[in-house]
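Peer 1: everything below, folded, please.
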Amino acid sequence: MLNIAVFGSGSGSNYQAIAEAIEKGQLNAQIACVFADNQDAFILERARKFGHPAIYLDCAPFKSKLDGEAEQRAIGMIKEHGGDFIALAGFMRIVKPGLLRAFAGRIVNIHPSLLPNFPGLHAGKQALEAGATETGCTVHFVDEGIDTGPVIIQKRVEILPNDTEETLMNRIHEQEHIAYPEALRRIANGDL
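Peer 2: Numbering: from 1, shown residues only. Take a look at the predicted model:
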């Protein structure tokens, strides 16, 4: 069974999809704790509603990475809560080598594109600006690169002629909520 520490920065809809899959018996896992790098992130409210430890992680002085003292605090708190696996669910920071070493091969991320296409920020906008006809989402293992780790699963989303970034991202998020629990189920079942 996976004991998952979830990291997020925003609404936490992917966290909720994972938590619901666990509750329905579709995923042999449990949520050990939920971290957010934003005190007001809705993911923390969602975690409290599910009864999971909801932890604000102050990442100062860094704005775009989890490093230094904050990284060490996170590692300690994950272990304290019995976590042995990490799911990045909209966590808008770069994970650094300390966390990667502490949980080697046990960190996954979801990204709103068909990697290796459109890595990094604003993937939906990148796809639209490139004139792509399809994009989607990817669940992948995390390595030291940005959105470069081995792919676990991808879901495709057609880009419609009148799509805006918002309409496209809404359809991608629908697929993310299917893909993330499915990828974690494969890992939990030893199918990878």
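
Peer 1: and stretch 37-57, end to end?
Peer 2: Criterion Cα to Cα, to the nearest Å; first-to-last residue distance in stretch 37-57 is 5 Å.

Peer 1: mind jotting down where the helices sit in this structure?
Peer 2: With helices called from DSSP state H, the chain shows them at 13-23, 42-50, 68-80, 97-102, 123-130, 165-188.

Peer 1: may I see these arranged in TSV, with mean neighbour count and mean pLDDT as well?
Peer 2: (C-beta placed from N, C-alpha, C; glycine too.) Below are these laid out as TSV (neighbours: other Cβ atoms under 10 Å; pLDDT from 0 to 100):
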stretch	mean neighbour count	mean pLDDT
helix 13-23	21	98
helix 42-50	18	98
helix 68-80	17	97
helix 97-102	15	97
helix 123-130	18	98
helix 165-188	19	98
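
Peer 1: so can I have TSV of those showing distance to His111?
Peer 2: Output for these, formatted as TSV (distance: least, Cβ to Cβ, whole Å):
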stretch	distance to His111
helix 13-23	11
helix 42-50	17
helix 68-80	21
helix 97-102	17
helix 123-130	7
helix 165-188	9
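
Peer 1: among those, which is nearest Leu57?
Peer 2: Evaluated over the helices of the chain, closeness to Leu57 peaks at helix 68-80, with 5.8 Å, by Cβ to Cβ.

Peer 1: who's in contact with the closest one?
Peer 2: By Cβ atoms under 8 Å, 6 or more residues apart in numbering, the residues outside helix 68-80 that reach it are 5, 7, 32-33, 35, 55, 57-62, 66, 86, 96, 98-99, 102-103.

Peer 1: restricting to C-alpha, output that helix in PDB.
Peer 2: Taking Å, rounded to 0.1, in the frame of the first residue of the first chain, the C-alpha atoms of helix 68-80 are listed here in PDB:
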ATOM      1  CA  GLY A  68      17.100  24.200   2.100                       C
ATOM      2  CA  GLU A  69      15.400  24.200   5.500                       C
ATOM      3  CA  ALA A  70      11.900  23.900   4.100                       C
ATOM      4  CA  GLU A  71      13.000  20.800   2.100                       C
ATOM      5  CA  GLN A  72      14.400  19.200   5.300                       C
ATOM      6  CA  ARG A  73      11.300  20.100   7.300                       C
ATOM      7  CA  ALA A  74       9.100  18.500   4.600                       C
ATOM      8  CA  ILE A  75      11.200  15.300   4.600                       C
ATOM      9  CA  GLY A  76      10.900  15.100   8.400                       C
ATOM     10  CA  MET A  77       7.100  15.700   8.400                       C
ATOM     11  CA  ILE A  78       6.500  13.200   5.600                       C
ATOM     12  CA  LYS A  79       8.400  10.500   7.700                       C
ATOM     13  CA  GLU A  80       6.600  11.600  10.900                       C
END
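
Peer 1: hmm, back to that, which among the contacts of helix 68-80 end up buried?
Peer 2: Buried members of the contacts of helix 68-80, counted by 16 or more other Cβ atoms under 10 Å: 5, 7, 32-33, 35, 55, 57, 59, 62, 66, 86, 96, 99, 102-103.
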